[in-house]
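# When you get a sec, could you give me coordinates for this:
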Amino acid sequence: MVAPAKSSLRIESRSRTATTQRAHLAPAAIQGLEVLALPVTELSAYVQALVERNPLLDFDSDGFTVALDDVLQDDSERDDWAPSDGDFRPRLRMRQQEGGFDMGRVRDECCQTETLACHLRTQLDGAAASDVPRPLIHAIIDCLNDDGYFDGSLPALCAEVGCDGEAGERALAFVQGLTPRGVGARTLQECLLLQLDDGMPGAAVARLMIKESLEDLADNRTTRLMRTYHVNLDELAQIRELIAGLDPRPGSSFSQRKDTVYVVPDLVVERRGTSFAVRVAGELAERLVRHDEYEAWVQASGDADARAWLDEKRTEADTALANVAQRKRTLFRFGMYLLEAQYGFFRHGQAAMRPLTMQQVADGLGLHVSTVSRIVADKHILTPWGTYPLKHFFSTALPATGAGGGSALSSLAIKERIKELVAGEDARRPLSDATITEMLNAEGVEIKRRTVAKYREALGISRQSQRRR
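Okay, here's the model as predicted:
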C-alpha cells in the first residue's frame, strides 16, 4: 500500500528597497536657466518687466549721457558705428556744417522707402494724355500685390468707376506699360511675356516656350523642348538664359513686408589681425542697477511689513542681477569654446567646419547638456563669414580615410564640398549622385549615395536632369 504524498505550502516574503536620486532645482536656479535661454531680443523685455515691478531696480542713466562737446565736435573721419570700449551701441553724433546741422541727412535716413504704387503714380504725372479714366488706373494700381501682380477684379473696378470692359483692358494695358517691366500682370506667363523685347535674340521662340511649355522649362525637359521647337542644345541654352534673366516678381524691390524678421546676434566673433575676439552683444548687466535709497526710509519707519516687503524685493533684485550677469559669463565661455572648437571655420569658412555635439560642449564647459541646449536655442552669432544660428555649428560626423588621415568630417563640410563639385560641373553633363559619391569616396569620405542625395536636396540643388543645360 502506497502512502499518500504530503503537500506543503511555503510562503516567502521578500522586500526590496531601491534608492533613487532626483535633482530638484531651486526657484532661483530655474530663473537663472530661463534667463540663460532668452535671446538678446527678448532679454530687453525681460529686464524692462523686472524694472517695472521692482522699485529697487532701475537702468543706469549715467551710461547714456552725451556731452555737448561730443555732439558739436566735427568727427567726420571716425566711423559712426565703431564700437568704443566694448560698447556695441552706435555713437550719437550729428554733423555740423557752416549753415547749421545737416537736417537733410536726418530726413534722408528717416524717410520711408518708396512704394510700388507711389512709383507708378509718379510716372502718371509725366505720361501722355490717354482716353482711359485716371480713377480706373489708380484703382488698378491699388489692386497690385507686393510682387507687382494684379489680383483684383477688372469687371468690378469698371463697374465701380462706371466704364465698360474695353476701357478696363486699356487701363490695365496702360499700367502694364509702366516700369518696372512686367508689373500689372495677372499670371506668371503674362509677367514674363511683358518683359520680353522683340529685339532680343531668340525672343520669338522664347515667347512660344513661355506660353506653351513653361513647365517643361522648369523641369528641364531638354529633349522634348529641342524636338518641339526645332532648336539645338546651344540655342536652347541661349533661350533658357534669356528667360532666366526675367524677373518673376517685378514689384518685390518696392515691397515692405511686415513679416520681415531681423536677426540680432547674441555673440560676436571679430577678426583682429591674425587673432579673434569674442564679445557678448546686448550687455544689459551693466545697465541694470539696484537702488538702496529705500533702505533708510524703511528702517526709519519701523514698519515690520515694509521691512519684509523690502527684503523680498531686495532678494528678487539681487537674483535678477546675478542671473543677467551669469548669462553674460556663460555666453562668453561658450563663445570662447566655440572659437576654439571651430577655429578652422572662423579662419577658412564653411569647408573647414568640424563635427561637434552638445555633449562635447557640455563636457568641455562642465555643464549639463540641457544647459548647453538652452544656450544654443534661438540665438545667433556674428562671424567674419556672416550671421549664423548657434545650432549651425553642431553637426554629425562622417568617417574619413586616406587623405583625411582617418579623422571624422563634419556633415556641413561635406555639404560644402558637394556644393563645390556641382558648381564646377559641366552644364551639359552634370554630375549624378552616384558620380558625386564616387568622387567623395576617392577623397577619403565614407558616404553613401542616398546620403549624398539627402545633402543635395538640403542644399536646394536640383537633380541631375534638371541641371542639364
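# Going by neighbour count, list what's buried in the helix or strand hosting His138.
Element membership for His138, per DSSP states H and E: helix 134-142. For helix 134-142, a neighbour-count test (16 or more other C-beta atoms under 10 Å) marks 136-141 as buried. All C-beta atoms are positioned from the backbone trio N, CA, C, and that covers glycine.
# now that helix: mean pLDDT?
Averaging pLDDT along helix 134-142 yields 90.
# switch to numbering from 492
All right, first residue 492 from here; so that's helix 625-633.
# now what about it, what contacts it?
Helix 625-633 is touched from outside by 608, 611-612, 615, 641, 643, 645, 648-649, 651-652, 654, 658-659, 662-663, 665-666, 675, with contacts defined as C-beta atoms under 8 Å, 6 or more residues apart in numbering.
# Buried among those? Need that as a selection in ChimeraX.
Restricted to buried positions by 16+ other C-beta under 10 Å, the ChimeraX selection for the contacts of helix 625-633 reads:
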select :611,641,643,645,648,649,652,654,658,659,662,663,665,666,675
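# these two touch, right, Phe550 and Glu543?
No - counting by C-beta atoms under 8 Å, Phe550 stays clear of Glu543, with 11.2 Å between them.
# between the two, which one's more packed in?
The neighbour comparison of Phe550 against Glu543 (other C-beta atoms under 10 Å) goes to Phe550, with 14 against 9.
# May I have the beta-bridge partners of that one?
Taking DSSP bridges as the rule, Phe550 bridges to Leu779.
# Does the residue nearest the centre of the chain belong to a helix, a strand or coil?
Nearest residue to the geometric centre of the chain (C-alpha atoms, centre = their mean): Val754, 6.0 Å. At Val754 the chain is in coil, as set by DSSP: H, G, I helix; E, B strand; the rest coil.
# Please apply the same query to Val769.
Val769 - assigned by three-state DSSP - is strand.
# need the contact list for it.
By C-beta under 8 Å, 6+ apart, the neighbours of Val769 are 758-760, 823, 826-827, 830.
# swap the cut-off to 10 Å and go again
Going by C-beta atoms under 10 Å, 6 or more residues apart in numbering, Val769 touches 758-761, 822-830, 872.
# Can you check the pLDDT for the residue lying closest to it once chain neighbours are set aside?
Take Val769 and drop its neighbours on the chain: the residue closest to it by C-beta to C-beta, 6 or more residues apart in numbering is Gly826, 4.0 Å away. Gly826 is assigned a predicted lDDT (pLDDT) of 94.
# shaky segments in the stretch 592-741 of the chain?
Across the stretch 592-741 of the chain, the ranges flagged by pLDDT under 70 are 592-604, 617-621.
# Could you rerun that using 80?
By pLDDT under 80, the low-scoring segments of the stretch 592-741 of the chain are 592-605, 616-623.
# where exactly do the helices run in it?
Secondary structure of the stretch 592-741 of the chain (DSSP state H, counting those that start in this stretch): helices at 594-601, 607-616, 625-633, 645-652, 656-667, 679-686, 694-703, 705-709, 713-720, 724-735.
# Help me confirm that Val674 comes into contact with Phe641.
Yes - contact criterion C-beta atoms under 10 Å: Val674 and Phe641 qualify, at 8.5 Å.
# right, and the helix or strand after the longest helix anywhere in the chain?
Using DSSP state H, we find that the single longest helix of the chain is helix 795-832. Counting by DSSP H and E, the next helix or strand C-terminal to helix 795-832 is helix 834-839.
# Show residues contacting the following helix or strand past that next one.
Using DSSP H and E, the next helix or strand after helix 834-839 towards the C-terminus is helix 849-856. With contact meaning C-beta under 10 Å, 6+ apart, helix 849-856 is reached by 821, 824-825, 827-829, 831-832, 848, 858-864, 866-867, 882, 884-885.
# list the buried ones in helix 849-856?
For helix 849-856, burial by neighbour count (16+ other C-beta under 10 Å) applies to 849, 852-853, 856.
# Nearest to Glu784 among those?
Relative to Glu784, the closest of the buried residues of helix 849-856 is Leu856; by C-beta to C-beta it sits at 39.1 Å.
# State the distance from the closest one to Ser864.
Leu856 is 13 Å from Ser864, where distance means C-beta to C-beta, to the nearest Å.
# Likewise for Gly659?
Between Gly659 and Ser864 the distance, using C-beta to C-beta, works out to 59 Å.
# try Arg712
Distance from Arg712 to Ser864, by C-beta to C-beta: 46 Å.
# And for Gln833, the neighbour number?
Gln833: 21 neighbours (other C-beta under 10 Å).
# Next up, the contacts around it.
760, 843-845, 847, 874, 883-885, 901, 903.
# at 6 Å instead, please
Under the criterion of C-beta atoms under 6 Å, 6 or more residues apart in numbering, the neighbours of Gln833 are Phe884.
# Look up how far Tyr879 lies from the residue nearest to the centre of the chain.
Applying C-beta to C-beta to Val754 and Tyr879 gives a distance of 9 Å.
# Likewise for Gly690?
For Gly690, the distance to Tyr879 (C-beta to C-beta) stands at 45 Å.
# Compare these two and say which is more crowded by neighbours.
Between Gly690 and Tyr879, counted using other C-beta under 10 Å, Tyr879 has the larger neighbour count: 16 against 6.
# Number of residues surrounding the nearest residue in space to the more buried one that is not next to it in sequence?
If the residues on either side of it in the chain are set aside, Tyr879 comes closest to Ile872, at 5.9 Å by C-beta to C-beta, 6+ apart. For Ile872, the count of nearby residues is 23 (other C-beta under 10 Å).
# Same check on Thr928?
20.
# Just the element for it, please.
Assigned by DSSP H and E, Thr928 belongs to helix 924-933.
# List of residues touching that helix?
Outside of helix 924-933, the residues within contact range by C-beta under 6 Å, 6+ apart are 912, 938, 940, 943-944.
# Filter those down to just the buried residues.
For these, a neighbour count by 16+ other C-beta under 10 Å gives the buried set as 912, 938, 940, 943-944.
# Show me those that map onto helices.
Going by DSSP H, the helices hold 912, 940, 943-944 from the buried ones among the contacts of helix 924-933.
# between the residues you listed, which is nearest Arg770?
Lowest distance from Arg770 to these (C-beta to C-beta) belongs to Leu912, with 36.4 Å.
# what sits against the closest one?
Contacts for Leu912 (C-beta under 6 Å, 6+ apart) come out as Ile927.
# For Ile927, see how far away it is.
Counting by C-beta to C-beta, the gap from Leu912 to Ile927 is 6 Å.
# what do you get for Arg672?
Taking C-beta to C-beta, one finds Arg672 at 39 Å from Ile927.
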